[in-house]
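[1] Structure, please.
(one chain, ligands or ions: 1)
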Amino acid sequence: MLETQDLNSTIELLQTRASCAKLTGPAPNADELAQILRCGLRGPDHGRLKPWRFSVVQGAARHKLGEVFAQAAEAAGDCAQAKVDKCRNMPLRAPLMLVAVCEPQLNSKIPLIDQVLAVGAAVQNMQIAISALGYASIWRTGDMVQAKEVRAAFDVSAAGSIVAFLYIGTPQIPARVAPVELEPFVKDWI
Ligand SMILES: Cc1cc2nc3c(=O)[nH]c(=O)nc-3n(C[C@H](O)[C@H](O)[C@H](O)COP(=O)(O)O)c2cc1C
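    This next block holds a predicted model:
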């Protein structure tokens, strides 16, 4: 059990965490990033299979990923130059990105969905850690998670999936926190 002050701030953090689509530098430094990743690796993991893989994309690597996104858009038949350019610029929307991949064990008794959810839980743990450290993030997927060029760039196997592009940085705009309402999402069963 946490001390009262820590407990209150933990609950407050969880209830006010918000995504931010406008991110700039600075990004978490190497020590902070290691802390964030450790929080991810403490996510709940059915069967302790560790189905997660995380790739760090920052600096010049973001431009290389942008080229992969642009190739994927072109291959998908998006001939409009504006769309291809938009995809090329996507990785530049934040100074740091974590790409979370699920590589499931198919011969395990643990269902595939549990393994994907474990990676999702890791991503959420990291989002909370990012907010706790004073940064912000946004979890994105979109067409690029399915694109074969992007999957190949991250060595995703046929059974694997890209679960998140987690964009991370310093928020450029204040967080918009919607009030948390329990109704109509929660009810007593019976
Ligand atoms: C699996 C998953 C995929 C998402 N993909 C996108 C996306 O591609 N683009 C986007 O704008 N938001 C996406 N979101 C939603 C944002 O990450 C964010 O949760 C949403 O904008 C609500 O903001 P909040 O986290 O502050 O409540 C995704 C969320 C999840 C869980």
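
[2] and the longest strand for this protein?
    Identified as the longest strand of the chain according to DSSP state E is strand 161-171.

[3] what are the pairing partners of that one, and which direction each?
    strand 23-24 (antiparallel), strand 96-102 (antiparallel), strand 136-140 (antiparallel) (DSSP bridges).

[4] pLDDT score for Asp78?
    With respect to pLDDT, Asp78 has a value of 68.

[5] Against Glu32, how distant is the residue minimising distance to the centre of the chain?
    Against the mean C-alpha coordinate of the chain, by Cα atoms, centre = their mean, the closest residue is Leu166 at 3.0 Å. Look at Leu166 and Glu32: by Cβ to Cβ, to the nearest Å, they are 14 Å apart. In short, each C-beta sits where N, CA and C put it, glycine included.

[6] ok, now Arg48?
    In terms of Cβ to Cβ, Arg48 sits 26 Å off from Glu32.

[7] Settle it for me: which of the two has more neighbours?
    Per other Cβ atoms under 10 Å, whichever of Arg48 and Glu32 has more neighbours is Glu32, with 17 against 8.

[8] does Gln71 sit in a helix, a strand or a coil?
    Secondary structure, DSSP: H, G, I helix; E, B strand; the rest coil: Gln71 is helix.

[9] what does this protein have sitting close to the ligand?
    18-19, 138-142 (Cβ under 6 Å from any ligand atom).

[10] ok, and Ile11, which helix or strand is that part of?
    Ile11 belongs to helix 4-16 when elements are defined using DSSP states H and E.

[11] For that helix, what is the distance to the chain centroid?
    Relative to its parent chain, helix 4-16 has a centroid offset of 22 Å by Cα atoms, centre = their mean, to the nearest Å.

[12] please begin residue numbering at 583 from this point
    Noted, 583 is the first residue going forward, which turns the last one into helix 586-598.

[13] and after whichever strand or helix holds Leu615, which helix or strand comes next?
    Leu615 belongs to helix 612-623 when assigned by DSSP H and E. Downstream of helix 612-623, the first helix or strand assigned by DSSP H and E is strand 634-640.

[14] Which elements pack onto that following strand?
    Here strand 634-640 touches helix 612-623, strand 678-684, helix 694-714, going by 3 or more Cβ pairs under 8 Å, 6 or more residues apart in numbering; DSSP states H and E.
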